[in-house]
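Undergrad: predicted model, plus sequence, below.
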Amino acid sequence: MKSTKTFKALGVTKPVLDAIRAQKFDKPTEIQARTIPLILSGRDVIGGSKTGSGKTLAFSCGIIKKVIPHKGVQAVVLVPTRELAEQVGNAIIKFSKFKRMSVVKVYGGVSINPQIEHLRRADVVVATPGRLLDHIDRRTVRLNAVKTLVLDEADLMLDMGFLRDVEKIIRETPKRRQTLLFSATVSDDIYHLEKKHMHNPEKISVEQFVDASKLRQVYIDVLSQEKFSLLVHLLKEERSGLVMVFCNTRRNTDFVAKNLKANNVQCCAIHGGLTQSKRQQILQDFHRGKTYALICTDVAARGLDIQDVSHIYNYDVCKDAKQYIHRIGRTARAGKEGKAITLLSDRDHDNFSKVSRLNRDIEHIEMPEIPSAQIVYRPTGRTPTDRRPGRFMGRRNGSGGGGRGGQRPRILRRQSNAARPRRSNASR
Ligand code: ADP
Ligand code: MG
């Protein structure tokens, strides 16, 4: 949702206004309209809003206003993943195009020496906690001039076990500083940080969930052994822009990606097990539309701002209901339409019951008749194909489908109430 106010009326300073004009943003988003005046006045803020609502610009306005070039590191933005360090760092660089200041991105998985060099002149540091602590230990960065500390995607940072690292970093910064905590969901875990490290923060929370009028959420009941075939069918049949397919494990992302390729679906897997340069290359190809489907784990995809994602597939249902919100937040961004499709097999029911308790808008749709897809790669190293390609699981045009075809379409047991789980027979 957009605000009726202008950026200027919110008090945004000239260089940022110029950058906003260059970006062609017409109006602030709601979270921007409500947080920017507080941020510019120096207040501590806890901001919660759906992903894609423009939180980066909100905190960038405050940082850019306060930085005086060459006076040491004056702002630190902590983010949970390397990709976010890149993305958020690049966004701040764009928003500060008309102000002389040096933004340095600091994260692991790449050589530390260029970072050491850049840190000598840094005004703003965007970092993952681990690598920043490394620099603190080596005394290649000092945080005693920090005026603004931003904890971005704070709940993920805590979920990933960074609390102690974050607190160590906080202790390196002056007590008199502004602390801004942003997150797509604001959870109870945040309160610890709030109580201990923030000064009377203003809490701003705008609509938590994605715009239901733009995003259609559905689930399809499917047998585990037919799940992959269903995914192939949907990827080929649904008219779509870019697609993200979420899996719960690295192993599954590899399984899905390798087999999709075998079925002529253009895709790439991304997860934490890849090198940083490989991950960046994959994301870049996806951003540019060179790759149609990105098969990813939650951590790899969290918070990333990728335009034109029209479909989200939950190949595995996430364990945490909040995570579902993050996943579907990858689509229906910036007023565009999107669709989130959950492929629900027996082993997902426990997780799905949690998800559907929080999200009442997920409709059930019937399992379509689908051809069997080829499975050539199995992580367990079993036989290369489970079904011959081309044979239909359901009835094809009512005519049988050759050979042993002619079975009835598989009408799977249907859940009448998504919130009522069946016992899960497999857990990971
Ligand atoms: P969040 O951190 O809330 O998930 P981001 O800060 O990543 O969202 O912003 C999402 C996208 O929206 C970015 O591409 C950003 O450039 C764009 N954006 C930010 N503010 C506006 C605005 N007022 N109008 C249009 N687009 C915006
Ligand atoms: Mg963000």
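TA: Good, I have the coordinates. Residues are numbered from 1 along each chain as shown. Ligands and ions are numbered 1, 2, ... in the order given.
Undergrad: going by C-alpha atoms from here, please, whenever you check contacts or count neighbours.
TA: Will do.
Undergrad: and the strands in the stretch 101-250 of the chain?
TA: Taking DSSP state E, counting those that start in this stretch, the strands of the stretch 101-250 of the chain run over residues 103-106, 124-127, 148-151, 178-183, 202-205, 215-221, 242-246.
Undergrad: so A269 sits in a strand?
TA: Yes. Membership of A269 in a strand is supported by DSSP: H, G, I helix; E, B strand; the rest coil.
Undergrad: pull the number of nearby residues for it.
TA: Residues lying near A269 (other C-alpha atoms under 10 Å) number 25.
Undergrad: rewinding a little: could the strands of the stretch 101-250 of the chain be laid out in a markdown table, adding distance to N113?
TA: Below are the strands of the stretch 101-250 of the chain laid out as a markdown table (distance: least, C-alpha to C-alpha, whole Å):
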| stretch | distance to N113 |
| --- | --- |
| strand 103-106 | 11 |
| strand 124-127 | 15 |
| strand 148-151 | 24 |
| strand 178-183 | 29 |
| strand 202-205 | 39 |
| strand 215-221 | 45 |
| strand 242-246 | 34 |
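Undergrad: for those strands, which one sits closest to V317?
TA: strand 242-246 (8.1 Å; C-alpha to C-alpha).
Undergrad: my guess is G273 contacts R250. True?
TA: Yes. If you go by C-alpha atoms under 8 Å, G273 and R250 touch, sitting 7.4 Å apart.
Undergrad: quick check: neighbours shared by the two?
TA: By C-alpha atoms under 8 Å, 6 or more residues apart in numbering, G273 and R250 have no common neighbours.
Undergrad: who's more crowded, the two?
TA: R250 (19 against 9).
Undergrad: burial count for the spatially closest residue to that one that is not a sequence neighbour?
TA: Distances taken as C-alpha to C-alpha, 6 or more residues apart in numbering put H271 closest to R250, at 6.1 Å, once the chain neighbours are dropped. Under the neighbour criterion other C-alpha under 10 Å, H271 is assigned a count of 20.
Undergrad: gap between H271 and K55?
TA: 25 Å (C-alpha to C-alpha, to the nearest Å).
Undergrad: and what of M244?
TA: 22 Å.
Undergrad: tell me the contacts of A122?
TA: A122 makes contacts with H70, G72, V73, M101, S102, V103, V104, as judged by C-alpha under 8 Å, 6+ apart.
Undergrad: re the thing from before, who has more neighbours, M244 and K55?
TA: Using other C-alpha under 10 Å, the more surrounded residue of M244 and K55 is M244, with 28 against 24.
Undergrad: quick one: contacts for that one?
TA: Counted by C-alpha under 8 Å, 6+ apart, M244 has contacts A293, L294, I295, C296, V309, H311, I312, Y313.
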